[in-house]
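Engineer: From the sequence below, what's the structure:
(2 chains)
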Protein chains: 2
Amino acid sequence: MIAPVPIGRREQRRNELRRALQEAAWHLVADRGYDALTVDDIATAAGTSIATFYRNFSGKEAVLTRRWLSPERLVALAPHIDRRHGLAGVVSSLFQTYGRLANEYSVGLMMRLKVINQNPGLQLAMNRGRAEDEYTLAQLFAEVTGQPADSLALRLAASLTIAARATTMAHWAELNDHPPLTRLLDETAEVLAPSLAACEDIGALAQAKRDDRAS
Amino acid sequence: MIAPVPIGRREQRRNELRRALQEAAWHLVADRGYDALTVDDIATAAGTSIATFYRNFSGKEAVLTRRWLSPERLVALAPHIDRRHGLAGVVSSLFQTYGRLANEYSVGLMMRLKVINQNPGLQLAMNRGRAEDEYTLAQLFAEVTGQPADSLALRLAASLTIAARATTMAHWAELNDHPPLTRLLDETAEVLAPSLAACEDIGALAQAKRDDRAS
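Structural biologist: Below you'll find the predicted structure:
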């Protein structure tokens, strides 16, 4: 089950710690630039140890390239997921909630995207995160539809969603926030809706065939 | 204009050379593995020099990770592109033609995908190629629709198509060619069609608004 609500206190503390390390890292990048950043500095700024840092992130690339659907992000998104209108409902509600949350960053999302675009190491980490996000999203889709997460239908639905979101974010950063991210994400969710419905339909058809053969 | 037909003799020779280097590189990987591969060996096997190799590819990663829409591939695909049924027609015809061409490889596509999955350097090169493919595809879409290639509508259409193709290829390789690639790609083109039509519609709407303001 993705992001059970309510979560335990230990998991909540872990999420807060991860969030604090990420914010500290971005504040340091904003102050001194990416090249001067060390894991030691990040841990100190977040009031914790290097060992604790490495229990949570594999290095400075990883702490700066938060996945869209990281465990701590999913906890924030989960209560707002629309599970009653198929895959299109899930994606539209995820995009809307994310758009609202993105406004709360203390170091601007725009600056983050620009730093990431300038550093190949960060881009590699982002791409790895993208693959993990596809997996997480396919699991969530499986939960909502009852179809298998490793079916072509749900894998396609997940990769379309992740690609569409990445393109929308890049476009928004290039346009310097006009139109605002929330409006662009709404438009993208609308564009995605019919293909997500098509994925759901071919998935249901494949499922029915498997059930037929089993009975 | 993408892939003018007919192309000049010099361009044709260049495409043949690139193809020969790629085939030579994959034969060497099949024989000796990826780690033992050198640019020197590839150039020798293709009957050319190291200097000529580097005029065509940046290194062994680049020669092994052919882009889907590389210049030489586009020349082969161009005559088969359906330009009369919107973006969905373009994508469906590209997928069909590519599926047929993929059967002609002398070193199996399946083996190639598996080698790439095992090597982080090749994966990075693949991701770079994916970004270039998105750009090339948006240009082709612009040619067919008359809309700007850098609009959100066409960028989305391109990134959805590239993502869907990559996911379909990965799924096919994991299933060991059952069902065959051509059938999976047809299914994927059908799933994509309605969202590509939606991209075209919002793009046309944005275009009409710009024309209104200009007049």
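Engineer: Following the chain onward from the helix or strand hosting A:E23, which element is next?
Structural biologist: A:E23 belongs to helix A:9-32 when assigned by DSSP states H and E. Using DSSP H and E, the helix or strand that follows helix A:9-32 towards the C-terminus is helix A:39-45.
Engineer: Contacts for that following helix next, please.
Structural biologist: Outside of helix A:39-45, the residues within contact range by CB atoms under 8 Å, 6 or more residues apart in numbering or on different chains are A:21, A:24-25, A:27-28, A:49-50, A:52-54, A:59-60, A:63. In this view, the C-beta of every residue, glycine as well, is placed from N, C-alpha and C.
Engineer: One more: stretch A:46-53?
Structural biologist: Stretch A:46-53 is contacted by residues A:17, A:20-21, A:23-24, A:39-40, A:42-43, A:63 when judged by CB under 8 Å, 6+ apart.
Engineer: buried ones in that stretch?
Structural biologist: Using 16 or more other CB atoms under 10 Å in any protein chain shown as the test for burial, stretch A:46-53 gives A:46, A:48, A:53.
Engineer: any idea of the mean pLDDT for the host helix or strand of the last one?
Structural biologist: Using DSSP H and E, the secondary-structure element containing A:F53 is helix A:50-56. The average pLDDT for helix A:50-56 rounds to 95.
Engineer: What is the very next helix or strand once past it packed up against?
Structural biologist: Using DSSP H and E, the helix or strand that follows helix A:50-56 in sequence is helix A:60-64. Secondary-structure packing of helix A:60-64 (3 or more CB pairs under 8 Å, 6 or more residues apart in numbering or on different chains; DSSP states H and E): helix A:9-32, helix A:39-45, helix A:109-118, helix A:120-145.
Engineer: Including mean neighbour count, mean pLDDT and distance to A:D177, could the ones you listed go into TSV?
Structural biologist: Below are the helices and strands packed on helix A:60-64 laid out as TSV (neighbours: other CB atoms under 10 Å in any protein chain shown; pLDDT from 0 to 100; distance: least, CB to CB, whole Å):
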stretch	mean neighbour count	mean pLDDT	distance to A:D177
helix A:9-32	16	89	18
helix A:39-45	17	96	27
helix A:109-118	15	83	7
helix A:120-145	19	89	20
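Engineer: pLDDT score for A:V75?
Structural biologist: 84.
Engineer: which one among the contacts of stretch A:46-53 gets closest to B:A164?
Structural biologist: Distance to B:A164 across the contacts of stretch A:46-53 (CB to CB) is lowest for A:V63, with 31.2 Å.
Engineer: hang on, the closest one packs against A:L21?
Structural biologist: Yes - counting by CB atoms under 8 Å, A:V63 does reach A:L21; the two are 5.6 Å apart.
Engineer: what do those two both touch?
Structural biologist: A:42, A:53, A:56-57.
Engineer: just the angle between the lengthiest helix in chain A and helix A:120-145, please?
Structural biologist: Looking across chain A with DSSP state H, the single longest helix is helix A:181-214. Put simply, helix A:181-214 runs at 50 degrees to helix A:120-145, going by axes from the mean of the first three to the mean of the last three CA atoms, to 10 degrees.
Engineer: any idea how far A:T168 is from A:Y98?
Structural biologist: When CB to CB, to the nearest Å is the yardstick, A:Y98 and A:T168 sit 11 Å from each other.
Engineer: Counting neighbours, go ahead and name the busier of the two.
Structural biologist: A:T168 (24 against 20; other CB atoms under 10 Å in any protein chain shown).
Engineer: OK, contacts around that one?
Structural biologist: Counting by CB under 8 Å, 6+ apart, A:T168 touches A:181, A:184-185, A:188, B:152, B:156.
Engineer: B:A51 versus that one, what's the distance?
Structural biologist: The gap separating A:T168 from B:A51 is 43 Å, by CB to CB.
Engineer: Report the outermost residue of chain A with respect to its centre.
Structural biologist: In chain A, counting by CA atoms, centre = their mean, A:S215 sits farthest out from the average C-alpha position, at 38.9 Å.
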